[in-house]
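K.L.:
just a sequence and a predicted model for now, questions to come.
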Amino acid sequence: MKWKASDLENLKTNLKPNNVKAVNLPKIEKVSVFGTNQIILGNCPSKSNCYRIYGKRLVKSNKLKTYEISFAHQCDKYRDANIDQEFELNLKVFYPSRRSDLDNSLKVILDCLEKAGAITNDNKCMKITACKFIDKDNPRIEFFINKS
């Protein structure tokens, strides 16, 4: 499932975190995006810490919802690219401290790519090359996608 404009508007209306500003998403022209470097600012949350159980439901935390919105706003080079073939993800994750686990961020990033419409399905990811870095002043991810 990828983001629709109405989903983003609903999230912006219902979830108003102080650190994310509501911004209209510009339309992106269709060009070949493979190999294009993309930077997403902010600390990527861990998948294992971003879900809570309420009754019998598994619910995303506000931290994860906020990151997904921020990711969709910033992912201008890959948004709506709808990559529907096998691909490789090359990724650098810059954390504010050594405590974060690299592997826990991978699923969050793939899910965000899918929701932003960059990829049609994360099961088409054939290879992930990921490196962990520490940058306490500027946590972010940097990535590019290549054909597999």
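P.N.:
Structure received. Residues are numbered from 1 along each chain as shown.
K.L.:
so which residue is dead centre in this protein?
P.N.:
Cys112 (3.3 Å; Cα atoms, centre = their mean).
K.L.:
tell me which element the nearest residue to that one once chain neighbours are set aside is part of?
P.N.:
What sits nearest to Cys112 in space, not counting adjacent residues and going by Cβ to Cβ, 6 or more residues apart in numbering, is Phe71, at 4.1 Å. Bear in mind the C-beta positions are built from the backbone N, C-alpha and C, glycine included. Using DSSP states H and E, Phe71 sits within helix 62-74.
K.L.:
which is the next helix or strand following that helix?
P.N.:
That would be, after helix 62-74 and using DSSP H and E, strand 87-95.
K.L.:
helix or strand right after that next one?
P.N.:
helix 102-115.
K.L.:
what's downstream of that next one, the next helix or strand?
P.N.:
Immediately after helix 102-115, counting by DSSP H and E, sits strand 125-134.
K.L.:
so, low pLDDT: which residues of the chain?
P.N.:
For the chain, the stretches with pLDDT under 70 are 1-32.
K.L.:
can I assume the residue nearest to Cys112 is in contact with Leu41?
P.N.:
No: using Cβ atoms under 8 Å, Phe71 is not in contact with Leu41; the gap is 9.7 Å.
K.L.:
quick one, which of these two is more surrounded?
P.N.:
Set Phe71 next to Leu41 and count neighbours by other Cβ atoms under 10 Å: Phe71 wins out with 24 against 12.
K.L.:
show me the residues around the more buried one that make contact.
P.N.:
By Cβ atoms under 8 Å, 6 or more residues apart in numbering, Phe71 lies in contact with 40, 42, 112, 115-116.
K.L.:
state the distance from it to Ile128.
P.N.:
Computed as Cβ to Cβ, to the nearest Å, the Phe71 to Ile128 distance reads 17 Å.
K.L.:
same question, Leu110
P.N.:
Distance from Leu110 to Ile128, by Cβ to Cβ: 8 Å.
K.L.:
try Cys112
P.N.:
Using Cβ to Cβ, we find Cys112 at a distance of 14 Å from Ile128.
K.L.:
cool, Lys63 as well?
P.N.:
Lys63 sits at a distance of 23 Å from Ile128 (criterion: Cβ to Cβ).
K.L.:
kindly report the same for Lys147.
P.N.:
15 Å.
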